[in-house]
Every structure is written in C-alpha cells, then in structure tokens.
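Asks: coordinates only, sequence not included:
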C-alpha cells in the first residue's frame, strides 16, 4: 500500500492491522486444515494441536482490538481509513469464530477416535476442504482489496450449504437404520454444522471486504443451500 499520510507511524499502524489480520486468517485456515486431518486420520495429536492453537487465534483478535481502539482514539480516521479500521475489527471477530469452530471439530474428533468409524465420515472432510479453500480465497481478496474475488467466495457458500444438507440427511439415514450409529453420527452432525458455520463467517468477511472497497453495503441477498430445516419428503415451497 502506498503511504498517503504525513505521519509515517499512522501508515505503520495500518500495516500492522493488515498484517495481524493476515496472520490470524492464515492461522485459522491452518487450524481447520489440521482439524480435518484429525478427523480423516483419527489422529489425537493433530486434534490436540488445534485445541491448543486456538489460544493464539484469541490472542491475535485481542491484538487487533487493541490496535483498532488506538487508531480510533489517536488518529481520528475518516473515509477509507475508517472503513479499513472498522473492517479489521469485524474480520478479526469472524476469524476468531472460525478458529473456535475448527477447535470444536478437533474436540469432537477426539471422541470419534474412541468409536467405530461409519461410512458418512468422509462427508465432513469434504465440507472442510471446501471451507478451507474459501478461507484462503477470502484472505487473498482482503490482501488484494478485490471485491469481485470476495463475491466469488460469497456465492460459493451455497455449495457448502448444499453439502451440509446432503451430509445431514445421510447421517440421519444411518442413525435410523442402526441405533448403534447414533452416537458417532451425532458427533459428525455437530462437526458438519461447525464447518457450515465457518462458511457463513467467511461470507461475512466477503461482505466486509465489499464494503471496504466500495464504501457501500452489498445489497444482494445470498441464496442459502441449507435445507435441513425442511422435513424429509416435504417440499421447500
């Protein structure tokens, strides 16, 4: 970013904000990657690494909040600077939630290692890989200030929702067919929901990037592919 301020320290602080968000986003992406590995490999070491790593995500959010408060109090930002600072605060909050959901997946994977595997377990990693790609792409969009790339990620959440709906129905079927699958499938359902929520927070970031670049809120309503609230056999209307 080309410096536009007379006071160099102001530009340095804005760069620190950008760098903190980028670091936090990269860590959140890594957390999800390791959480999915923990599921597919039934690896308790990977799971524990994610759970412990969540503390660093929280620390980065606190650093971002502190920097935002300092910028607002001392610099009295306006226009694009103000949007960048507010966007940083909002994105930091969404990334913190993504980290929490990744940690939740890891925690449940620890339980799954003690239970017999079931075939639908592959559905959650498939969702996780898509969500991980969305996180990577949205971070690129933030660094590049690319609203169009952000909107591409925003629209892909419908695909993740549809995968969640499919996973939900498949797991329910397994539970109905054999009661011994209920405990394992219940944990997988919660994990799938966590990944679906990661997608929602990624789209929140996309909307924030759109606002950062254009100065206006995105007016288009995002289509949802989650049909789990509709009972099996009932039409969507």
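Replies: Cool, got the structure. Predicted model only: the values in this text are computed from it and were never measured.
Asks: low-confidence ranges, the chain, go.
Replies: By pLDDT under 70, the low-scoring segments of the chain are 1-8, 222-237.
Asks: show me where it has helices.
Replies: For the chain, helices defined by DSSP state H occupy the ranges 8-41, 44-75, 79-112, 123-144, 147-177, 182-214.
Asks: can I get those helices in CSV with distance to residue 221?
Replies: All C-beta spots, glycine's among them, are computed from the backbone N, C-alpha and C. Formatted as CSV, these follow (distance: least, CB to CB, whole Å):
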stretch, distance to residue 221
helix 8-41, 26
helix 44-75, 29
helix 79-112, 19
helix 123-144, 19
helix 147-177, 11
helix 182-214, 11
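Asks: dump those helices to TSV, plus distance to residue 220 and mean neighbour count.
Replies: Output for the helices of the chain, formatted as TSV (distance: least, CB to CB, whole Å; neighbours: other CB atoms under 10 Å):
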stretch	distance to residue 220	mean neighbour count
helix 8-41	24	20
helix 44-75	28	17
helix 79-112	19	21
helix 123-144	16	21
helix 147-177	8	18
helix 182-214	10	22
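Asks: now stretch 91-98: how far from the chain's centre is it?
Replies: From the chain centre to the centre of stretch 91-98 is a distance of 7 Å (CA atoms, centre = their mean, to the nearest Å).
Asks: how about residue 43, phi and psi?
Replies: Phi and psi for residue 43, reported as degrees, to the nearest 10, are phi -110, psi 110.
Asks: how near is the spatially closest residue to it that is not a sequence neighbour to residue 115?
Replies: Counting by CB to CB, 6 or more residues apart in numbering, residue 43 lies nearest to residue 37, which is 6.4 Å off, once chain neighbours are set aside. Applying CB to CB, to the nearest Å, the value for residue 37 to residue 115 is 18 Å.
Asks: what does residue 124 give?
Replies: Per CB to CB, residue 124 is found 14 Å from residue 115.
Asks: for residue 21, same thing?
Replies: Taking CB to CB as the measure, residue 21 and residue 115 are separated by 38 Å.
Asks: same deal with residue 138?
Replies: Note on residue 138: its distance to residue 115, by CB to CB, is 34 Å.
Asks: repeat that for residue 122.
Replies: For residue 122, the distance to residue 115 equals 16 Å [CB to CB].
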